[in-house]
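Peer 1: I need the structure of the sequence given here:
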Amino acid sequence: MSAATHPTSIHPTAIVSSSARIGLDCFIGPYCVVGDEVEIADGVRLESHCVVDGRTFIGAETHVFPFVSIGLASQDLKYKGEPSETRIGQRNKIREFVTIHRGTAGGGMLTKIGDDCLIMAQAHVAHDCVIGDGVIMANAATLAGHVVIEDRANIGAYSGVHQFCRVGKEAYIGGYSVVVKDALPFALTVGNHAKCYGLNITGMKRRGYPRSAIDALHHAFHLLLSSKLNTTQAVERIREEISGSPEVTDLLRFIEASDRGVTK
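Peer 2: Next up, the predicted model:
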């Protein structure tokens, strides 16, 4: 159904393709541009001067602030116009001047953002990135192509994550950091180049993790970072000494799946 038949508010200066699909109770503000293959779910709000193009889906109740661009062509020089996609989940807040680029043939044809994320002003999400739920990217945080950010990770202001790196669940990346290897889940990772400074205990308490989970991870991080064991030896010791902790299982899964190596 075309945008013109939806009971939604479109400012007279906005340019919305007649083939775009716009949900109920949306707001499309002044000077926005919405392309032919865009689908916007119910309750989405685009403030002024937003550009949404390409094969892009924006989930319900997402709020997009002025001067954001979503779904535009990748900056990857290998991108040749293939019909790749951008998918954004529900209830996200995408602040001013954020840029989110569509996927490429070399990375699965998809850039994806989960639900309930906060992407602060001037942040950049490059082609083929996959971002989980509840992620926070602070001002001007930058993800190169093919980056994976797991659920509820926090990327500090002006930090950069190298292409093909992963940032684990509940990880905290300090401001102005440069991440060139996989950043461990539940950990504090800070610096240029980034180093791991152990378990993010404060963050885990704020998230309501039980004391048993915190103690198990604290012991695991001690073996990884302070025991003079290499990573393989530390993983073996963790398996021997810690059992029954789903958080430690997540940590080991992340380490064993790493291609670039983990930040220690």
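
Peer 1: Identify the bridge partners of the residue nearest the centre of the chain.
Peer 2: Central residue of the chain (CA atoms, centre = their mean): Ile131, 3.0 Å from the mean position. For Ile131, the beta-bridge partners are Ile113, Ile149 (DSSP bridges).

Peer 1: when you give positions from now on, start the count at 41
Peer 2: Yep, numbering from 41; the last one is Ile171 now.

Peer 1: which residues does it contact?
Peer 2: Residues near Ile171 by CB atoms under 8 Å, 6 or more residues apart in numbering: 152-154, 157, 165, 183, 188-189. The way it works is simple: take the backbone N, C-alpha and C, and place the C-beta from them, glycine included.

Peer 1: how many neighbours does the nearest residue to Ser252 once chain neighbours are set aside have?
Peer 2: Leaving aside its sequence neighbours, Ser252 sits nearest to Ser285 (CB to CB, 6 or more residues apart in numbering; 7.4 Å). By other CB atoms under 10 Å, the residues close to Ser285 number 18.

Peer 1: check contacts around His167.
Peer 2: Residues near His167 by CB under 8 Å, 6+ apart: 114-116, 119, 124, 141-144, 147, 151, 185-186.

Peer 1: Please confirm that Val275 is located within a helix.
Peer 2: Yes: assessed with DSSP: H, G, I helix; E, B strand; the rest coil, Val275 lies in a helix.

Peer 1: What is the neighbour count of the closest residue to Gln162 other than its chain neighbours?
Peer 2: Leaving aside its sequence neighbours, Gln162 sits nearest to Ala180 (CB to CB, 6+ apart; 4.3 Å). Ala180 has 19 neighbouring residues, counting by other CB under 10 Å.

Peer 1: hang on, the earlier thing: redo the contacts of His167 as TSV? Include secondary structure, neighbour count and distance to His51.
Peer 2: Shown next, in TSV, are those (DSSP: H, G, I helix; E, B strand; the rest coil; neighbours: other CB atoms under 10 Å; distance: CB to CB, whole Å):
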residue	secondary structure	neighbour count	distance to His51
Ser114	coil	23	29
Gln115	coil	13	29
Asp116	coil	20	33
Tyr119	coil	19	31
Ser124	coil	24	29
His141	strand	25	25
Arg142	coil	25	25
Gly143	coil	30	30
Thr144	coil	23	33
Gly147	helix	22	35
Thr151	strand	31	27
Gly185	coil	23	34
His186	coil	22	36
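
Peer 1: Output those residues in TSV; the columns should cover pLDDT.
Peer 2: TSV is the format used below for the contacts of His167 (pLDDT from 0 to 100):
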residue	pLDDT
Ser114	97
Gln115	97
Asp116	97
Tyr119	96
Ser124	98
His141	98
Arg142	98
Gly143	98
Thr144	98
Gly147	96
Thr151	98
Gly185	98
His186	98
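
Peer 1: related to what we said a few turns ago, for the contacts of Ile171, which one is nearest Gln203?
Peer 2: Closest to Gln203 out of those is Leu183 (8.6 Å), distances taken as CB to CB.

Peer 1: what's around that closest one, how many residues?
Peer 2: Neighbours of Leu183 (other CB under 10 Å): 29.

Peer 1: Relative to Val175, how far out is it?
Peer 2: 10 Å (CB to CB, to the nearest Å).

Peer 1: shared neighbours of the two, anything?
Peer 2: Residues within reach of Leu183 and of Val175 at once, by CB under 8 Å, 6+ apart, are 189, 195.

Peer 1: Got the phi and psi for the closest residue to Val302 other than its chain neighbours?
Peer 2: Distance criterion CB to CB, 6+ apart; nearest residue to Val302, sequence neighbours excluded, is Asp222 at 4.8 Å. Note on Asp222: backbone dihedrals following degrees, to the nearest 10 are phi -60, psi 130.

Peer 1: The one 3 residues further on too?
Peer 2: Pro225 has phi and psi values of phi -60, psi 150 when expressed as degrees, to the nearest 10.

Peer 1: just Gly208 next, same as before
Peer 2: Dihedral angles of Gly208 (phi, psi; degrees, to the nearest 10) stand at phi -80, psi 170.
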